[in-house]
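When you get a sec, could you give me coordinates for this:
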Amino acid sequence: MSGKKPSGGGKPTTLTVADPKKSKGALKSIGGSQSDEWNNILANQAVQSLWKAHSDSESLDLQMSATIAAMMGVGPKSELEGMLATQMIATHNAAMECYRRAMLSEQTFAGRDMALSQANRLVRSYATLVGALDKHRGKGQQTVRVEHVHVHQGGQAIVGNVSHAGRRPQEETAAEAVMDGE
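The predicted structure is shown next:
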């Protein structure tokens with residue numbers, strides 16, 4: 001601990017928050033929120049993740065426009081989705097910068113190895129973020145609905161996975177026997 005006292009003399013801070021019902025949400029397609037202030041914050045965070053060191057003003061304008069277009073392309077429907085979109089863009093930008101640095105002609109083997117290793121971690125993080133967004137949106141879930149099943153006396157039924165791999169053609173699975181009425 002540094003022993004420093006918090007700035008502001010310990011006085012509480014009061015924030016004034018706009019009524020969300022009165023917000024227009026004109027930028028909702030960017031950050032997923034009804035609050036344009038929030039959408040602007042996310043847009044600025046995404047733009048700040050760009051590597052701008054070698055960009056002229058025309059390239060920078062193109063990069064920033066493309067970043068906002070990417071956020072809109074993700075199509076966030078809520079603040080959570082907006083945050084995930086922003087993190088995905090920042091992670092992508094960082095991974096691409098690591099790949100760029102790894103390919104520099106003056107890069108040492110150790111530097112190239114470190115940059116590629118970091119890029120690999122970032123790409124895995126990106127995939128995790130995409131998975132989290134898909135899971136949040138309910139994609140990838142399977143629903144099986146069985147409406148009517150009749151198994152009469154002497155019949156057989158299987159509930160579960162039936163695999164046909166590795167069987168000989170003359171063999172018949174129990175599921176096929178039920179379907180054939182045997």
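
Quick check: buried residues in the longest helix seen in the chain?
If you go by DSSP state H, the chain has its longest helix at helix 109-137. Judged by neighbour count using 16 or more other Cβ atoms under 10 Å, the buried positions of helix 109-137 are A115, Q118, A119, L122, V123, S125, Y126, L129, L133. Placement of C-beta: from N, CA and C, glycine included.

quick check, nearest of these to Q48?
L122 (16.7 Å; Cβ to Cβ).

ranges for the helices of the protein?
Under DSSP H, the chain gives helices at 28-31, 36-48, 57-74, 79-102, 109-137, 174-180.

got any ranges where this protein has weak pLDDT?
Residues of the chain that meet the criterion pLDDT under 70 lie in 1-9, 20, 140-142, 162, 164-182.

switch to 90 and redo it
1-25, 52-55, 139-182 (pLDDT under 90).

So which residue is dead centre in it?
By Cα atoms, centre = their mean, the chain has its centre lying nearest to V130, at 2.6 Å.

Distance check, A132 against P76.
Remark: distance between A132 and P76 (Cβ to Cβ, to the nearest Å) = 13 Å.

Then G154?
In terms of Cβ to Cβ, G154 sits 56 Å off from P76.

more crowded one of the two?
The residue with more neighbours, out of G154 and P76, is P76; 23 against 6, by other Cβ atoms under 10 Å.

How about the more buried one: what's its closest non-neighbour residue?
G32 (3.1 Å; Cβ to Cβ, 6 or more residues apart in numbering).

number of nearby residues for the one you found?
G32: 26 neighbours (other Cβ under 10 Å).

Tell me the backbone dihedrals of L15, please.
phi -110, psi 140 (degrees, to the nearest 10).

Give me the distance between it and K21.
For L15, the distance to K21 - Cβ to Cβ - is 18 Å.

and if you look at D61?
Note on D61: its distance to K21, by Cβ to Cβ, is 35 Å.

if you count what's nearby, which of the two comes out ahead?
It is D61, of D61 and K21, that has more neighbours when counted by other Cβ under 10 Å, with 11 against 6.

Touching, the residue nearest to P76 and G82? I think so.
Yes - in this structure, G32 is within contact of G82 by Cβ atoms under 8 Å, at 3.6 Å.

what residues are shared contacts of these two?
N39, P76 (Cβ atoms under 8 Å, 6 or more residues apart in numbering).

circling back to that earlier point, the helices of the chain: which one's closest to V146?
helix 174-180 (13.7 Å).

Might you report the residue contacts of the residue lying closest to Y99 once chain neighbours are set aside?
Distances taken as Cβ to Cβ, 6+ apart put A119 closest to Y99, at 5.0 Å, once the chain neighbours are dropped. Each residue near A119 by Cβ under 8 Å, 6+ apart is listed here: A95, M96, C98, Y99, A102.
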